[in-house]
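Trainee: turn this into a model:
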Amino acid sequence: MSCPRCGLSEPGPVECPRCGVVFAKLDRAARPAPGPTGKELSPPSERRLSWLDAVLLVAFAAAGAVLVSRWTAPPPAPHEAAASPTPARPARGRESPPRAGREPLFRPPSPPGSAEVPPDVVSPSEAEPDGEPPAPAEGVPPWLPAPGPALPPEDAATYRSLVQAVGARNEIESSHVDQAEVLLGRHPAVPEVGRMVEQLLELAAQQASRRGQRVDAVRYRERAAELLPESRGAWMRLVGAHEESGAWPEAERAARRGLSALPDESALHLALARSLRQQGRDEEAADVLRRRLAVRDDGAARQALARLERELQSVAGLARRASSHFAIRFEGREDAALGAALLQVLEDKHAMLARTLDFEPDREIPVLLIPRETFRSTSSAPDWAGAYYSRADGRIRIGTRDLSPGFVPVDLERTLTHELTHAFIHARTRGAVPDDVNEGLAQYLSGKRLGYRLDPSRAVVRDGRMKVDDFYDAALSFVEYLLDRYRQPALNDLLRYAGETGSVDQAFRRAFHQSYDETREEWLRQLR
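Mentor: Presented below is the predicted three-dimensional model:
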């Protein structure tokens, strides 16, 4: 055998040592292509069109004609599009119905002030009150019209870049805030610039809140109110931020400053009265509402004043005592021993809860012990309740009967502990707590135990309703399960995370590594 390329004799079985040719490659290159078989198609010149080919060609031609007509047709006029009988498809993922077979779960109430002014959306009607808003430019959110020719080119470019950052909910940086303030200083009379600055500062505040930087969040809202004193939303968001953190003197100052700029704004009058009530200054709050009604009839102010006057009437003539953590009002003006006993019980329970929950409120807690008949007629509590803690004004109200001089009955002591626990939880979580955790923990820390295995059917909400006894027993069972599995320190972490994040699910995931719904499902499974 010799190499077919260089002629070297006996080159070897794989490749030639002289020229390096690989014999296998030469063999594949010289191998002829396989010939046609009987199953292969004939050349195109010899094929005939079948009836199926003809049908397919006609169908493709018709589809092409339809597409060409759609591409070349002019766009429909706005009134023609509105008259189309085809309904628009709803957006997915926003308002999806609950899954079948799952019971509704308890959810926390909205934090104070959150329902007054939506923090991150300006509706088109607010943006353009005098008619249809102009078509937005590219990159501009639909709720924020472009300023058009009102800005010079350089400022218009800055405006557009800031609007895109707001519309895309991008990371708001300090440079964005600086640029926005400079732009507003140059064009204070352009309403679109003001709205953009307000939105950008609010996004910066929300971003700081998510990071736990509450001081920075308040600072951004303070700046928005200073730059845009005519904006109701800026003042209400500032007041709401102070209310949410329980800073009632700061909320009072913000409301008064807002009223100096917007003296006819009803929401700010109500906010001022609310902050005064939270500081125990009921008479001043009533005067604020009376002055408001003297200038203009306001339904909300009238209702708030009526409630407040009933409250003032219910405590008229009651004795007043105070300690380092409490201000109490009770029947028995001359009974100093009873006042001292009540304060002693409250201070003891305050110390117990502070140790157990590893937290204590930073403000005085008002406690009103009202005769039961007065409590029924003046209280907004349900008929079956004999006491309640109000998140609206931070007060504990208890209907009492025949208090003995210098003596606090055991049932009153437990009621005081129950409602005081609610005050602690609200101060810790700022309201971001599920009702079952709130009520279950209040029962547990006041000394109640379920003592039996709950029937899981009693923990199900049907048609949005639930028996009172079932709710309270289910709440206690759920909290007993959490304490048995995760212990008190983990539950304290849950409350702390809820206050830091404002989110129930985030708090549960950080404390228990699963969502609130998943934790409830786990509890229900062990009941079965």
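Trainee: how far away is residue 197 from residue 162?
Mentor: 8 Å (Cβ to Cβ, to the nearest Å). Where you see a C-beta, it was placed from the backbone N, CA and C, and this is true even at glycine.
Trainee: what do the two both touch?
Mentor: 180, 183 (Cβ atoms under 8 Å, 6 or more residues apart in numbering).
Trainee: more neighbours: which of these two?
Mentor: residue 197 (26 against 21; other Cβ atoms under 10 Å).
Trainee: was I right to think that one contacts residue 227?
Mentor: Yes - between residue 197 and residue 227 there is a contact at 6.3 Å, judged by Cβ atoms under 8 Å.
Trainee: find residues that contact each of those two.
Mentor: Going by Cβ under 8 Å, 6+ apart, residues that sit against residue 197 and also against residue 227 are 181, 184.
Trainee: tell me the pLDDT of residue 308.
Mentor: We have a pLDDT of 90 for residue 308.
Trainee: OK, contacts around it?
Mentor: Counting by Cβ under 8 Å, 6+ apart, residue 308 touches 273, 277, 282, 285-286, 289.
Trainee: helix, strand or coil for it?
Mentor: helix (DSSP: H, G, I helix; E, B strand; the rest coil).
Trainee: where's it relative to residue 390, distance?
Mentor: Distance, residue 308 to residue 390, by Cβ to Cβ: 13 Å.
Trainee: which neighbours do these two share?
Mentor: With Cβ under 8 Å, 6+ apart, residue 308 and residue 390 have no common neighbours.
Trainee: and residue 461, how many neighbours?
Mentor: 14.
Trainee: the strands in the stretch 351-500 of the chain, which residues?
Mentor: For the stretch 351-500 of the chain, the strands defined by DSSP state E, counting those that start in this stretch occupy 365-371, 387-390, 395-400.
Trainee: ok, residues contacting the last one?
Mentor: What that stands for is strand 395-400. 330-331, 365-372, 374-376, 379, 381, 386-390, 412, 415-416, 419-420, 422-423.
Trainee: could you do the longest one as well?
Mentor: Contacts with strand 365-371, where a contact means Cβ under 8 Å, 6+ apart, come from 280, 314-315, 318, 325-331, 342, 346, 378-379, 393-401, 403, 416, 420, 423.
Trainee: which strands border it, and is each parallel or antiparallel?
Mentor: Sheet pairing of strand 365-371 (DSSP bridges) gives strand 326-330 (parallel), strand 395-400 (parallel).
Trainee: I'd like the ones you listed as JSON lines, with mean neighbour count appended.
Mentor: Formatted as JSON lines, those follow (neighbours: other Cβ atoms under 10 Å):
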{"stretch": "strand 326-330", "mean neighbour count": "20"}
{"stretch": "strand 395-400", "mean neighbour count": "22"}
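Trainee: circling back to that earlier point, for the strands of the stretch 351-500 of the chain, which one sits closest to residue 335?
Mentor: Proximity to residue 335, assessed across the strands of the stretch 351-500 of the chain by Cβ to Cβ, is greatest for strand 365-371 (11.6 Å).
Trainee: quick one: mean pLDDT for the closest one?
Mentor: Mean per-residue pLDDT for strand 365-371: 89.
Trainee: check residue 460 and give its pLDDT.
Mentor: 87.
Trainee: mind checking how far it is from residue 522?
Mentor: From residue 460 to residue 522 the distance is 16 Å (Cβ to Cβ).
Trainee: ok, now residue 228?
Mentor: In terms of Cβ to Cβ, residue 228 sits 48 Å off from residue 522.
Trainee: and those two? Which one has more around it.
Mentor: A count of neighbours by other Cβ under 10 Å puts residue 228 above the other of residue 228 and residue 522, at 20 against 13.
Trainee: domain-wise, how is the protein divided?
Mentor: Taking automatic domain parsing as the reference, the chain has its domains at 1-29, 113-124+138-245, 261-316, 319-527.
Trainee: lowest average pLDDT across these?
Mentor: Across these, the lowest-scoring stretch is domain 1-29, with a mean of 60.
Trainee: are any of the contacts of strand 395-400 buried, and which?
Mentor: When those are checked for burial by 16 or more other Cβ atoms under 10 Å, the buried set is 330-331, 365-371, 374-375, 379, 381, 386-390, 412, 415-416, 419-420, 422-423.
Trainee: ok, the residue nearest to residue 422 when sequence neighbours are not counted to residue 293 distance?
Mentor: Nearest residue to residue 422 in three dimensions, chain neighbours excluded: residue 389, at 3.9 Å (Cβ to Cβ, 6 or more residues apart in numbering). The gap separating residue 389 from residue 293 is 29 Å, by Cβ to Cβ.
Trainee: repeat that for residue 218.
Mentor: When residue 218 is compared with residue 293 (using Cβ to Cβ), they lie 31 Å apart.
Trainee: the nearest residue to residue 203 once chain neighbours are set aside in helix, strand or coil?
Mentor: Spatial nearest neighbour of residue 203, excluding adjacent residues (Cβ to Cβ, 6+ apart): residue 172 at 5.1 Å. The local conformation at residue 172, judged by three-state DSSP, is coil.
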